[in-house]
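Asker: test case, fold it:
(chains A, B, C and D)
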Number of protein chains: 2
Amino acid sequence: MQNDRTGESLLFLTDEQLRQGIEAMFFAYRGFTADPDRILEKYKYGRAHHRAMHFINRVPGTNVSNLLNILGVTKQSLNRVLRTLIEDNLVILKVGPKDRRERHLYLTDIGRSLEKQLSTAQSHRMREAYRQVGPDSVAGFKQVLEAMMDPKLHITYKKLRNS
Amino acid sequence: MQNDRTGESLLFLTDEQLRQGIEAMFFAYRGFTADPDRILEKYKYGRAHHRAMHFINRVPGTNVSNLLNILGVTKQSLNRVLRTLIEDNLVILKVGPKDRRERHLYLTDIGRSLEKQLSTAQSHRMREAYRQVGPDSVAGFKQVLEAMMDPKLHITYKKLRNS
DNA sequence: TTGGAATGTCAACAAGACTGACTTAAAACA
DNA sequence: TGTTTTAAGTCAGTCTTGTTGACATTCCAA
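Answerer: Next up, the predicted model:
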């Protein structure tokens, strides 16, 4: 691919460059989660609640097993989170219209408003970063991230794009 | 927002683009940690052990409070992890030569060998990703990540570069 | 010499992940 | 029809990793 048989530098593949990438991921992920975390704390929720709400908002009416695949956790773990979100009237379950074993998940108005608050905070940081570096760097950013995903999750990610 | 002052497109700043970036971070981070996690499991360690070993390897002789700043956890949390690493002879403490309150941290040979194993696995995935996308995308990737860091952590990150 | 910094430790707690076993309801199948 | 499989939920127990708060030790520096 870009691997350079033609004389251009492969310096970007040195151990030092890779190490920098690893550390950049570590530090950036902290920034990535910091703003929503502060908001969640006020409501006594955690990152797991945020993730669930994010994807329920993204795929309204998703059933539980689909959400489990996206999140990559066990149903016991998801269930604890969903239970509190339902109790607090942020999420509602609807019995599947075709297959009545399924439970379809939706955000309520309150849920949508909290999700909006969280995604606004998180997007704000990302927008600033995007703005600082410009469209070409953003394209590169996404390409590297996509190439780092497990193949199954990459497919999941791409499905979300065109849904 | 979308208003285009200079003529070039600002489509890369749409809500949809930002949402994609958020989801890409989420899915990519899963891939980023997956390989080391599998190795750690065999040794009954966790991600926290990996992180500590990574930065002790990166900054040999660092003292505890410096490591606490890098990792962003409480000393109680770090201490539990360090204690097991020291018990298992992966890390050694040396009393600070100037200030004898300080404890300077080093990996042992065994510690270095496990760290090597972990970073090899993690680097392998990153190298493949880098190779697939090429140097320009890698540069963009790093720029966005840097722009997403909290300012203090950005400084920490840059200090690690030239140490 | 005293105050404060660096470190470590004990205890208690909570979030969020896991495994394993089991139930219920409903669909699918034979 | 009867059996099996699937989707979801639940109960119980465990583990890692984070948190607070309180307190002890050591020792540098004003």
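Asker: quick one: the helices in chain A?
Answerer: A:15-42, A:47-58, A:64-71, A:75-87, A:109-133, A:135-148, A:151-161 (DSSP state H).
Asker: state the pLDDT value of the residue nearest to the spatial centre of chain A.
Answerer: Residue closest to the average C-alpha location in chain A (CA atoms, centre = their mean): A:Arg51, at 6.5 Å. pLDDT, the model's per-residue confidence, is 98 for A:Arg51.
Asker: I'd assumed A:Leu71 was in contact with it.
Answerer: Yes - with the criterion set as CB atoms under 8 Å, A:Arg51 and A:Leu71 qualify as a contacting pair; they are 5.9 Å apart. All C-beta atoms are positioned from the backbone trio N, CA, C, and that covers glycine.
Asker: what's near enough to touch the closest residue to A:Leu93 other than its chain neighbours?
Answerer: Of all residues beyond its chain neighbours, the one nearest A:Leu93 is A:Arg103 (4.5 Å), with distances taken as CB to CB, 6 or more residues apart in numbering or on different chains. By CB atoms under 8 Å, 6 or more residues apart in numbering or on different chains, the contact list for A:Arg103 reads A:Asn63, A:Val64, A:Leu93, A:Lys94, A:Val95, A:Gly96.
Asker: which of the residues you listed are buried?
Answerer: Burial of the contacts of A:Arg103 was assessed by neighbour count (16 or more other CB atoms under 10 Å in any protein chain shown); the buried members are A:Asn63, A:Val64.
Asker: restricted to strands, list the contacts of A:Arg103.
Answerer: A:Leu93, A:Lys94, A:Val95 (DSSP state E).
Asker: pick the most deeply packed of the helices of chain A.
Answerer: Per-residue neighbour counts averaged over each of those give the maximum for helix A:135-148, namely a mean of 22 (mean count of other CB atoms under 10 Å in any protein chain shown).
Asker: just the CA coordinates of that helix, formatted as CSV?
Answerer: What follows is helix A:135-148 as a C-alpha-only set of coordinates in CSV (Å, rounded to 0.1, in the frame of the first residue of the first chain):
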residue,chain,number,x,y,z
PRO,A,135,-10.6,18.3,7.2
ASP,A,136,-7.6,16.4,5.9
SER,A,137,-6.4,15.5,9.4
VAL,A,138,-9.9,14.6,10.4
ALA,A,139,-10.1,12.2,7.5
GLY,A,140,-6.8,10.6,8.5
PHE,A,141,-7.9,10.4,12.1
LYS,A,142,-11.0,8.4,11.1
GLN,A,143,-9.0,6.2,8.8
VAL,A,144,-6.6,5.1,11.5
LEU,A,145,-9.4,4.5,14.0
GLU,A,146,-11.3,2.4,11.5
ALA,A,147,-8.2,0.4,10.8
MET,A,148,-7.7,-0.3,14.5
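Asker: now chain A, which segments are flagged as low pLDDT?
Answerer: Across chain A, the ranges flagged by pLDDT under 70 are A:1-8.
Asker: which single one of the ones in strands among the contacts of A:Arg103 is nearest to B:Ala28?
Answerer: Taking CB to CB as the measure, A:Leu93 is the one of the ones in strands among the contacts of A:Arg103 closest to B:Ala28, at 30.5 Å.
Asker: contact partners for the residue in chain A that DNA strand C sits nearest to?
Answerer: Taking CB to the nearest atom of the strand as the measure, chain A has A:Gly46 as its residue closest to DNA strand C, at 1.4 Å. With contacts defined as CB under 8 Å, 6+ apart, the neighbours of A:Gly46 are A:Leu40.
Asker: could you list the contact residues of chain A toward DNA strand D?
Answerer: Contact residues of chain A with respect to DNA strand D, defined by CB under 7 Å from any atom of the strand, are listed as A:63-66, A:75-76, A:79, A:82-83, A:93, A:96, A:99, A:101-103.
Asker: what's the closest of these to chain B?
Answerer: Sorting the residues of chain A next to DNA strand D by how near they are to chain B, with CB to the nearest CB, puts A:Asn66 at the top with 14.9 Å.
Asker: which non-adjacent residue is nearest that closest one?
Answerer: Leaving aside its sequence neighbours, A:Asn66 sits nearest to A:Val59 (CB to CB, 6+ apart; 7.2 Å).
Asker: wait, the one you found sits on A:Asn69?
Answerer: No - at 11.0 Å, A:Val59 does not count as touching A:Asn69 under the criterion of CB under 8 Å.
Asker: give me the common contacts of those two.
Answerer: If you check A:Val59 and A:Asn69 against CB under 8 Å, 6+ apart, no residue is contacted by both.
Asker: and the closest residue to A:Ser163 other than its chain neighbours, backbone torsions?
Answerer: Excluding its sequence neighbours, the residue lying closest to A:Ser163 (CB to CB, 6+ apart) is A:Val59, at 6.3 Å. Note on A:Val59: its backbone torsions stand at phi -130, psi 70 [degrees, to the nearest 10].
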